[in-house]
Structure formats: C-alpha cells, structure tokens
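got a predicted structure plus its sequence, pasted below:
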Amino acid sequence: MAEPRPLDISTRAVTVGRPAAEPDAPLNVPVVLASTYGAGGEAEYGRYANPSWTAFEDALGDLEGGRCLAFASGMAAIAAVLDLLPAGARVVAPRHSYTGTIAQLRDSAARGRLVLELVDITDSAAVVAATADAAMLWIESPTNPALEVADLATVVPAAKAAGAIVVVDNTFATPLLQRPLEAGADIVVHSVTKYLAGHSDVLMGAVVVADRSHHDALLSTRGLRGAIPAPLEAFLALRGLRTLPVRLERAQATAQALLPRLEAHPVVEEVRYPGFGGIVSIVLADAAIADDFVARVRLWRHATSLGGVESTLERRRRWPAEAPTIPEGLVRLSVGLEHPDDLWADLDAALTKAARPA
Ligand code: PLP
C-alpha cells in the first residue's frame, strides 16, 4: 500500500495538539488551571507539567521537527539553553543579536559563566574560524533589527563537525520559512511573544530540540528554575499558532508590496529586507528625522516588539543597549495585516512630513 501523503505544514499548524476526536470532546485543549494534580500520575505538580503547555508544545514541536518545551518568555528560553553549558564554555554569537540576548550573554560572561565571542554572522568564513574551539554557536537569523541572514548550510555543519552545540533563534523566520533542525542545528529557540502568538497580548518562549538528552536537561532546568508559562498564555499562543500560516503569508506579501515604494521614497536612504518574512528595516538620515517620522504615523503604532496582527515600528537606537553599529536612523517595521495601500499612505505621509520639519 502506498504511504499516505504527509500533511502540509499549514495543515499541521491547524491540526496538531488537539484532543482525540471523540463524541463531546472539545476541539481545543482548555486552559487547565492547576497547581497540583492527584498523586500517583505523571504530572504531580504545576511546575512540572500542564496540559495547556503540552498542546502548544506538541504543535510547535511538530512544525519545527523536534521536541518542544514552553518557557515563561523568550529570555527564559535563552537562559535555559545557556544553562546547558559547563562553566567557562566559549560561545560564538552574532554581534547584531537581539539586544536582550547580547545583554544576557554579556552578563553571563561578566560573571565568569562563559567566554563570549561576537561575530558578523553573514561572514561564514569568520564564523567557521571562530567556532573551531567553541562549545556553542548561537545563531540568530535574520538578526533583529539588522536583518542579516546566516548561511545555515555552511556554518551549521562546520560548527557541528568542530563539536559545538548549534542553536538558532528562529523568532523572525518561524518554522514556516526556516527549519533549522532540518539544516542540522541542535536547538531552536523562539520568542513566542512575536509571530507564533501573533496578537501582542502574550509573553512566552519556547525551545525545540533534536536530541532527547537536551530535552531532558532542559526539562529539568525548567522545573528547577521555575521559568514556566502560565496556562492561559500557552492556550493563547496555540490559538495564535493556528493562524500563523495565513498571517505570515499576508504580512510577507504586504512587506514585499511596500519594498519598492520604500526604496523609491526620497527620504529613505536604505531598505533592508532578508528576502522573506514580514519585517523590513529602513534607514533614514539621522535620529531626529527618524524620531519625527515615528511620531507622525497614525495607522502604524510606535511600539517595541513585532510579529503582531497590527503594524508597528520603532527606531531601535532609542534603546541605549542597541549595538552602536546599528544606524541611528534605522527604523524597524513589523508589517501587520492591514490593507497595504492604507499602510503605505500612512508611511508616505509621515516620511514626507518628517523630511521637512516645520
Ligand atoms: N529573540 C528575539 C529575536 C527577539 O526579538 C526577542 C524579543 O524581542 C527575544 C528573543 C526575547 O523574547 P521575549 O521578549 O519573549 O523574552
């Protein structure tokens, strides 16, 4: 008999992580509010297990092709992964990683937990050379907000051959656009807060691993440190994940429709786009013009974070911790689901006025 055709990832985003199809069973795993469970089973206590987490983990694990564990935030997920390393381990990471990731790495380095080397993640030869005696290669691709893309096909096998654990922060691409475990990476981390949950109302993180021993170590760390998500957050994140394929398709199409208009706008000096996804960074002449621009938009919201249904933008250097190599006038656009013409009209008006301050 012929093998059944494997389900498309967009179908699996909708179907995985549901209760068994039985009469009167709900279609969704409910929000299970429980600090404790009847003794003698597998769950026992609310810091170790929750059915609302498990439903989310089953779905995201399926999409990424590994075993998933949910955490309280993306930062908590990152901390748990770094906890896998022995004291004094060398970690190679992109110099333009998310500011929080860099801050966490630097903090760990300052306290002697690890030795940090920052690299240009687009320079594959430099990444491979730096990884030769590293315990971990940390990749973020595309990077936030420079939108640099790592050549996973080159750097992942090289780092693995050198004995490093390879981690990819897949927050910007999501498993719809990039599946690092298939490229040989050991661990994927997510700020679920962004595209996966997708509605700017949830903070959550996740780790997906290929290897059972990493899963068991992370499960133990999560229970020990207690950086667990709330059941309601896990429920909302899974509800968001159900629509990820259509949301991302729409956001990407709109981002690509905006690109030529942004490129042709006389006030925009540079447009950065990794070739996929819904995030675009534009560079304006200086901080003052960029600040004026973000204050003038009406439909777009000036706010940090990204990946929600609503379009947001932010001048990233307003954060003192942002890398000094990110231009002062860089504004990161997170394209949402509004009509592209409405989004463009708002951007165009704000850009044009920002160019000629009163
Ligand atoms: N990774 C990336 C790429 C991010 O952009 C962020 C947050 O902006 C994080 C990790 C941290 O996630 P969280 O804010 O959910 O802790």
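Cool, the structure landed. Numbering: from 1, shown residues only.

make it CA atoms for all contacts and neighbour counts henceforth
Will do.

just the strands in the stretch 51-200 of the chain please.
All strands of the stretch 51-200 of the chain, identified by DSSP state E, counting those that start in this stretch, fall at 67-71, 89-94, 114-119, 136-140, 165-169, 187-191.

now for these, which one comes closest to the ligand?
For the ligand, the closest of those is strand 187-191, at 4.1 Å, according to CA to the nearest ligand atom.

tell me which strands the following helix or strand past the closest one pairs with, and in which orientation.
Counting by DSSP states H and E, the next helix or strand C-terminal to strand 187-191 is strand 205-209. According to DSSP bridges, strand 205-209 forms sheet pairs with strand 67-71 (antiparallel), strand 187-191 (antiparallel).

possible to save those as CSV with distance to the ligand, mean pLDDT and mean neighbour count?
Compiled in CSV, those are given as follows (distance: least, CA to the nearest ligand atom, whole Å; pLDDT from 0 to 100; neighbours: other CA atoms under 10 Å):
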stretch, distance to the ligand, mean pLDDT, mean neighbour count
strand 67-71, 9, 98, 25
strand 187-191, 4, 98, 27
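
get me the contact residues on the chain for the ligand.
Listed as neighbours of the ligand in the chain under the rule CA under 6 Å from any ligand atom: 73-75, 98, 144, 171, 191, 193, 203-205, 305.

just the buried residues out of those, in PyMOL syntax.
Of the residues of the chain next to the ligand, the buried ones go into a single PyMOL selection, burial set by 16 or more other CA atoms under 10 Å:
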select buried, resi 73+74+75+98+144+171+191+193+203+204+205
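
if we can go back for a sec, in CSV, list the strands of the stretch 51-200 of the chain along with distance to residue 239.
Below are the strands of the stretch 51-200 of the chain laid out as CSV (distance: least, CA to CA, whole Å):
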stretch, distance to residue 239
strand 67-71, 15
strand 89-94, 32
strand 114-119, 36
strand 136-140, 25
strand 165-169, 22
strand 187-191, 16
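
so which of those is nearest residue 235?
Among the strands of the stretch 51-200 of the chain, the nearest to residue 235 by CA to CA is strand 67-71 (11.4 Å).

low pLDDT regions in the stretch 101-250 of the chain?
Filtered on pLDDT under 70, the stretch 101-250 of the chain yields no residues whatsoever.

how about the helices in it?
Using DSSP state H, counting those that start in this stretch, the helices of the stretch 101-250 of the chain run over residues 124-131, 152-161, 174-177, 212-225, 231-242, 244-264.

elements contacting the first one?
Read that as helix 124-131. strand 89-94, strand 114-119, helix 152-161 (3 or more CA pairs under 8 Å, 6 or more residues apart in numbering; DSSP states H and E).

any idea how far residue 216 is from the ligand?
Here residue 216 is placed at a distance of 22 Å from the ligand (CA to the nearest ligand atom, to the nearest Å).

end to end, how far does stretch 127-135 reach?
13 Å (CA to CA, to the nearest Å).

that stretch: which residues count as buried?
Buried residues in stretch 127-135 (16+ other CA under 10 Å): 127-128, 130-135.

do the same with stretch 34-54
Neighbour-count burial for stretch 34-54, counted by 16+ other CA under 10 Å, picks out 45-54.

so can I have a markdown table of the residues you listed showing pLDDT and distance to residue 13?
What follows is the buried residues of stretch 34-54, written out as a markdown table (pLDDT from 0 to 100; distance: CA to CA, whole Å):
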| residue | pLDDT | distance to residue 13 |
| --- | --- | --- |
| 45 | 98 | 29 |
| 46 | 98 | 26 |
| 47 | 98 | 26 |
| 48 | 97 | 25 |
| 49 | 97 | 22 |
| 50 | 98 | 20 |
| 51 | 98 | 18 |
| 52 | 98 | 16 |
| 53 | 98 | 16 |
| 54 | 98 | 15 |
